[in-house]
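[1] Kindly generate the corresponding structure for this input.
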Amino acid sequence: MRELARRSEAATPVFRTVRSDDGSAPSGAAIPLPALWGARPTILVMRTGQRDIVTAACPIALDLGLAPGMAAAHARALVTDLDILDAAPHADAAWLDRLALHAVRHWTPTAAMSGSDGLWLDLTGTSHLFGGEARFAARLRSFLRRLGFTARVAIAGTPGAAHALARYGGSATLVLPEGRAGEALGELPLRALRLSPEALTAAARFGIERVADLYPMPRGPLARRLGRGAVERLDQALGFLPEPIVPVVPFEMPRAERRLVEPIATAEAIEKVIADLVADLVVDLRTRGLGLRAAVLRCERVDAREQLIAVGTARATRDAMHLIRLFKLRIDRIEPGLGIEAMALEAPQVEQLGAEAIGAGFDSAPRAPDIAPLVDQLAGRAGEGALFRLEARESDVPERAIGRTGPLAQPSGWPAWARPIRMLARPEALSGVVALLPDHPPRRFAWRGRSYRVVAGDGPERIHGEWWRTTREMWAVRDYFRVEAETGERFWLFRRGDAIEDRTGDLSWYMHGVFG
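    As a prediction, the model looks like this:
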């Protein structure tokens with residue numbers, strides 16, 4: 001006893017919650033002490049018929065034996081010190097709708113409501129953008145935690161399996177490998193398949209408790225005992241039967257449609273239908289206060305084939321005549337075949353377009369012409385990539401300091417340094433260069449198989465590499481010169497290196513631009 005009294009050992013805390021019988025972690029261990037201190041159990045109730053039913057309960061209430069579906073009177077009898085709040089299903093649905101719209105804009109183009117407390121996200125072809133499915137699930141839970149929500153995320157091959165594992169899988173984040181749906185769903189309770197109350201009652205009468213109990217049963221007797229809906233839910237969860245989901249649409253796309261009495265195949269008839277569609281679409285856009293930036297014409301042929309013709313505008317517009325002219329430029333791309341029996345015009349890209357203030361009649365200053373219609377027509381003939389303007393970029397390296405922008409953009413911030421009119425996309429090496437080092441322009445050089453003799457030169461203009469981009473540009477130096485050849489050409493060329501330190505460059509010469 002004396003030896004035992006001198007010994008110092010770690011003892012088991014006497015107030016630690018006892019582990020449950022099934023071996024899972026105690027529910028009370030997941031609640032931090034600050035959350036329990038001074039907190040009261042809270043439930044949400046909703047009126048159903050003549051009774052108040054519990055729709056949600058906080059972790060403290062769940063630990064005390066209260067659960068959704070219980071009568072509110074029974075909950076009051078079990079726990080006297082209880083906070084009871086009214087449920088707001090419409091507010092919950094509004095929050096889920098906002099989360100779904102956020103998911104469509106930032107995560108995946110297809111998101112749908114999953115019951116009254118969840119969302120379905122179709123991650124097909126998008127999970128690699130976030131580093132894989134596991135990393136996306138972790139980022140999603142972190143995002144919801146910052147908003148004050150707790151969530152369970154399950155990723156599976158079917159919507160039914162993801163719904164079941166998220167609610168009954170027992171894990172906060174679960175990524176199910178392909179082909180493991182049957183094994184993962186087998187141990188879940190039967191209500192994980194979203195069966196009707198009648199089917200659950202019949203299953204309890206036959207002693208069916210788990211999803212795995214349904215696997216060995218033939219489909220015919222199973223449908224007679226539990227109903228056809230139970231068989232469909234099981235096949236949907238296992239992937240044997242498709243389960244379409246209705247995605248959330250961020251906005252109702254402006255659309256006009258015409259079903260033709262007889263198929264048309266001539267350009268004049270197609271142009272007449274396009275004019276009618278544009279007129280209907282412009283009315284819809286004017287009602288919503290929108291302007292069109294992109295339009296898609298769908299032509300459904302008699303042989304069930306569909307043709308798409310798309311046009312875009314440089315600025316939001318509701319000018320019907322201008323849109324008709326744009327489609328006229330592309331009517332020759334439509335192949336009617338045996339005839340077109342239906343046509344639809346959609347506006348997938350729109351912008352807000354309100355009233356525009358114009359100058360008063362007493363103002364004698366001329367108004368700047370609107371070149372947007374001209375830009376659209378030229379783009380329809382030559383292609384959208386043929387029209388652009390140059391804008392300055394924040395960079396000291398010349399080939400990075402200039403980039404393309406839209407034809408209607410207003411570039412600003414041009415540098416005061418003299419730059420050539422024509423800049424080569426990639427500097428071209430010179431040969432046969434004769435120059436005095438370190439600060440003199442070349443006296444002679446050869447470029448593209450022709451020799452040039454320099455009669456005048458100016459420089460150097462020293463440009464250092466952008467060391468924050470790559471380590472190769474840490475010591476890079478360029479010395480630019482403006483030179484004039486005896487034949488009248490003026491060039492912009494540079495030498496790599498400062499002719500003092502070897503690590504600044506190898507003293508090779510390059511042509512980078514032409515003046516005039």
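[2] List the contacts of residue 198.
    residue 227 (Cβ atoms under 8 Å, 6 or more residues apart in numbering). To be clear about C-beta, it is placed using only N, CA and C from the backbone, and glycine gets the same treatment.
[3] Going by residue numbers, what spans are strands in the stretch 201-350 of the chain?
    Counting by DSSP state E, counting those that start in this stretch, the stretch 201-350 of the chain has strands at residues 255-264, 290-301, 306-317, 340-352.
[4] what comes into contact with the longest one?
    Spelled out, it's strand 340-352. Taking contacts as Cβ under 8 Å, 6+ apart, the residues outside strand 340-352 that touch it are 253-260, 263-265, 270, 273-274, 277-278, 280-281, 285, 289-302, 312, 316, 334.
[5] Send me the helix or strand just after it as CSV with only the CA atoms.
    As assigned by DSSP states H and E, the chain's next helix or strand after strand 340-352 is helix 372-382. Provided in CSV are the C-alpha atoms of helix 372-382 (Å, rounded to 0.1, in the frame of the first residue of the first chain):
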residue,chain,number,x,y,z
ALA,A,372,-21.1,48.7,-81.7
PRO,A,373,-23.4,47.7,-84.7
LEU,A,374,-20.4,48.0,-87.0
VAL,A,375,-18.3,45.8,-84.7
ASP,A,376,-21.0,43.2,-84.6
GLN,A,377,-21.4,43.1,-88.4
LEU,A,378,-17.7,42.9,-89.0
ALA,A,379,-17.4,40.1,-86.4
GLY,A,380,-20.2,38.3,-88.1
ARG,A,381,-18.2,38.3,-91.4
ALA,A,382,-14.6,38.0,-90.2
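[6] tell me how far helix 372-382 is from the chain's mean position?
    30 Å (Cα atoms, centre = their mean, to the nearest Å).
[7] What residues sit buried inside that helix?
    Buried residues in helix 372-382, counted by 16 or more other Cβ atoms under 10 Å: 372, 373, 375, 376, 378, 379, 380.
[8] Then stretch 459-475?
    For stretch 459-475, using 16+ other Cβ under 10 Å, the buried residues are 459, 460, 463, 465, 475.
[9] First-to-last residue distance for it?
    End-to-end distance for stretch 459-475: 20 Å, by Cα to Cα, to the nearest Å.
[10] List the contacts of that stretch.
    395-398, 400, 417, 439, 441, 476-482, 494-495, 498, 501, 503-504.
[11] which of the residues you listed are buried?
    Burial by neighbour count, 16+ other Cβ under 10 Å: within those this picks out 398, 441, 476-482, 494-495, 498, 504.
[12] sorry, back to before: restricted to strands, list the buried residues of stretch 459-475.
    Judged by DSSP state E, those include 459, 460, 463 as members of strands.
[13] what about the helices in the stretch 101-250 of the chain?
    For the stretch 101-250 of the chain, the helices defined by DSSP state H, counting those that start in this stretch occupy 133-146, 159-168, 181-186, 197-205, 219-226, 228-238.
[14] want to throw those into TSV with distance to residue 413?
    TSV is the format used below for the helices of the stretch 101-250 of the chain (distance: least, Cβ to Cβ, whole Å):
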stretch	distance to residue 413
helix 133-146	36
helix 159-168	50
helix 181-186	57
helix 197-205	68
helix 219-226	71
helix 228-238	58
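[15] Which stretch among those helices is buried most, on average?
    helix 159-168 (a mean of 22; mean count of other Cβ atoms under 10 Å).
[16] List the contacts of that helix.
    114-115, 118, 120, 152-156, 171, 174, 176, 181, 184-185, 188-189, 191-194, 211, 233, 236-239, 243, 245.
[17] Mind doing that once more with 7 Å?
    Applying Cβ atoms under 7 Å, 6 or more residues apart in numbering, the contact partners of helix 159-168 are 114, 118, 120, 152-156, 174, 176, 181, 184-185, 188-189, 192-194, 233, 236-237, 243, 245.
[18] What's the ChimeraX line that selects buried ones from the residues you listed?
    To isolate the buried subset of the contacts of helix 159-168 in ChimeraX, counting by 16+ other Cβ under 10 Å, use the following:
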select :114,118,120,152,153,154,155,156,174,176,181,184,185,188,192,193,194,233,236,237,243
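[19] buried set for stretch 485-503?
    485, 490, 491, 492, 493, 494, 495, 496, 497, 498, 499.
[20] any idea how far it is from the chain center?
    Averaging C-alpha positions (Cα atoms, centre = their mean) puts stretch 485-503 47 Å from its chain's average.
[21] start to end distance for it?
    31 Å.
[22] Show the average pLDDT along it.
    Stretch 485-503 comes out with an average pLDDT of 91.
[23] likewise stretch 128-140?
    Confidence for stretch 128-140, expressed as mean pLDDT, is 90.
[24] sec struct for residue 44, please.
    At residue 44 the chain is in strand, as set by DSSP: H, G, I helix; E, B strand; the rest coil.
[25] related to what we said a few turns ago, determine which stretch of the strands of the stretch 201-350 of the chain is the most buried.
    strand 290-301 (a mean of 19).
[26] Residues in contact with that strand: which ones?
    Outside strand 290-301, the residues within contact range by Cβ under 7 Å, 6+ apart are 254, 274, 285, 306-313, 316-318, 323, 327, 334, 336-353.
[27] Please apply the same query to stretch 380-397.
    311-312, 326, 329-330, 375, 378-379, 400-407, 409, 411, 413-415, 463, 466.
[28] repeat that for 10 Å
    Residues from elsewhere that reach stretch 380-397 (Cβ atoms under 10 Å, 6 or more residues apart in numbering): 311-312, 314, 325-330, 374-376, 378-379, 400-415, 419, 423, 463-466, 469, 473, 476, 478.
[29] Near the closest residue to residue 73 other than its chain neighbours, how many other residues are there?
    Nearest non-adjacent residue to residue 73, counting by Cβ to Cβ, 6 or more residues apart in numbering: residue 52, 7.2 Å away. When neighbours are counted by other Cβ atoms under 10 Å, residue 52 registers 19.
[30] and if you look at residue 399?
    Per other Cβ under 10 Å, the neighbour tally for residue 399 reads 14.
[31] Provide the secondary structure category for it.
    Of the three states, residue 399 takes helix under three-state DSSP.
[32] distance of it from residue 427?
    Distance of residue 399 to residue 427, computed by Cβ to Cβ, to the nearest Å: 8 Å.
[33] what's the answer for residue 64, then?
    Taking Cβ to Cβ, one finds residue 64 at 76 Å from residue 427.
[34] between those two, who's got more neighbours?
    The neighbour comparison of residue 64 against residue 427 (other Cβ under 10 Å) goes to residue 427, with 19 against 15.
[35] any idea which helix or strand carries the more buried one?
    Assigned by DSSP H and E, residue 427 belongs to strand 422-429.
[36] List the buried residues of that strand.
    Per 16+ other Cβ under 10 Å, strand 422-429 contains these buried residues: 423, 427.
[37] Could you please name the strands that strand pairs with and the direction of each pair?
    Sheet pairing of strand 422-429 (DSSP bridges) gives strand 509-515 (antiparallel).
[38] Before I go, just wanted to say thanks for your time.
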